[in-house]
Each structure stands twice: as structure tokens, then as C-alpha cells.
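# structure for the following, please:
(one chain, ligands or ions: 1)
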Amino acid sequence: MITKRMEKALNGQINKEFYSAYLYLAMSAYCNKLGMPGAEHWFRMQYDEEVIHMTKMFDYVMQHGGSAHLMQIEEPPKEFGTLLEVFEESLRHEQFVTKSINELLDVAVEEKDHASQVFLQWYITEQVEEESNVIEIVDRLKLAGDNGGALMMIDDKLAARLPPAPATA
Ligand code: FEO
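Residues are numbered from 1 along each chain as shown. Down below sits the predicted model:
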């Protein structure tokens, strides 16, 4: 059984995961406008990944005697600048989510909620991977600069991203 404080904190994170999904769907649409089908696909896969993050937490709250509260989702931006700027914004967002997950784990420790501490470890590991994936893309885009051929090669590589594996409980 999760405490009311833990329930509130997890519900706040569910909203942030929903916003992440929304943000990446907006980035996918923006990359379509930029004429970058690989990046459009990459962000669509990222959207799918965020939906998994959200539903996994939503299910956890209910399985542990809590109530899942769905709140209003903030509207994401429509414009993101260059392809490099899109991924830089994605990195800033992931760093924000990492901080939020760390704070959530702090709450679980303070509440002596061992089950939530174990559950949140999955998100801690996931955030390391998410940040590192985006850092690699940002570095490549910085190297490519305005070189159209190099940007097309990066876009082709982004097109190869596989769908996320379904989350296990
Ligand atoms: Fe759910 Fe990208 O953090």
C-alpha cells in the first residue's frame, strides 16, 4: 500500500511522462515539416517509449492500493528550430525528467516505501540510457554542422530505430 504522499508524487510523474509523450509527438510532427523522415520516426518511437513509462507507473499506482489521477497535460511547443536544436531540447527535457525521477526516489526513501524504491530503479536505469542516446545524437549533429550529406546520413541512421520493448511489471 503506497502512502498518500507517494501516491501524489507518482501521479505527478505520470503527468510528466504524458507530457514527454506529447512533446516527442510534437517533435515528430516538426521533423516531418523539416523533411527529416528518420528523425520523425525516431521521435515517434520515443513517443511510444514515453507511453510505456506512463502506463507502467499508472498500473503500479493502482496495483499498490493507490488511485491514479489524470491531470491536464501542458501544450508542447510547435517550433523547435534546427534539427540540432530539436535534439538539444530533447536532452534538456530528459535531464529534467531524470531530476524528477531522482526526487521521486527520495520521497520513496523518506516514506520507507521499499516497493516503490525497487520499482523506481527501472526508471533510474532507463534515464541513463535515454540521456546517453540523445547525447550521442547531439554530438553527431554538432559534427555534421550544415553539411547536407552528413545530415542525411544521420537521418538515415535515425530511421533504423526499433520500436521499444513492452515494459514488464
Ligand atoms: Fe520517460 Fe524520457 O523519460
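# so residue 75, which of the three states?
In the three-state summary, residue 75 is assigned as coil, counting by DSSP: H, G, I helix; E, B strand; the rest coil.
# what is the neighbour count of the residue lying closest to it once chain neighbours are set aside?
Counting by Cβ to Cβ, 6 or more residues apart in numbering, residue 75 lies nearest to residue 22, which is 7.9 Å off, once chain neighbours are set aside. Using the backbone N, CA and C atoms, a C-beta is placed for each residue, glycine as well. The number of residues packed near residue 22 is 16, by other Cβ atoms under 10 Å.
# you'd agree residue 22 is up against residue 72?
No - the pair residue 22 / residue 72 is not scored as a contact, 11.2 Å apart, by Cβ atoms under 8 Å.
# any idea how far the ligand is from the nearest residue to residue 28 once chain neighbours are set aside?
Computed as Cβ to Cβ, 6+ apart, the closest residue to residue 28 that is not its neighbour in sequence is residue 43, at 3.7 Å. Residue 43 sits 11 Å away from the ligand when distances are taken as Cβ to the nearest ligand atom, to the nearest Å.
# restricting to C-alpha, output stretch 67-80 in CSV.
Output of stretch 67-80 as CSV, limited to C-alpha atoms (Å, rounded to 0.1, in the frame of the first residue of the first chain):
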residue,chain,number,x,y,z
SER,A,67,-5.6,6.0,-7.1
ALA,A,68,-4.3,7.1,-10.5
HIS,A,69,-5.3,10.8,-11.1
LEU,A,70,-5.0,12.0,-14.6
MET,A,71,-4.3,15.7,-14.8
GLN,A,72,-4.3,18.3,-17.6
ILE,A,73,-1.4,18.0,-20.0
GLU,A,74,0.5,21.1,-20.9
GLU,A,75,0.6,22.0,-24.6
PRO,A,76,4.1,21.4,-26.1
PRO,A,77,5.8,24.0,-28.4
LYS,A,78,5.1,23.8,-32.2
GLU,A,79,8.6,25.1,-33.3
PHE,A,80,11.9,23.8,-32.3
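# in it, what counts as buried?
Buried residues in stretch 67-80, counted by 16 or more other Cβ atoms under 10 Å: 76, 80.
# for the record, mean pLDDT for that stretch?
Stretch 67-80 comes out with an average pLDDT of 97.
# much appreciated, bye for now.
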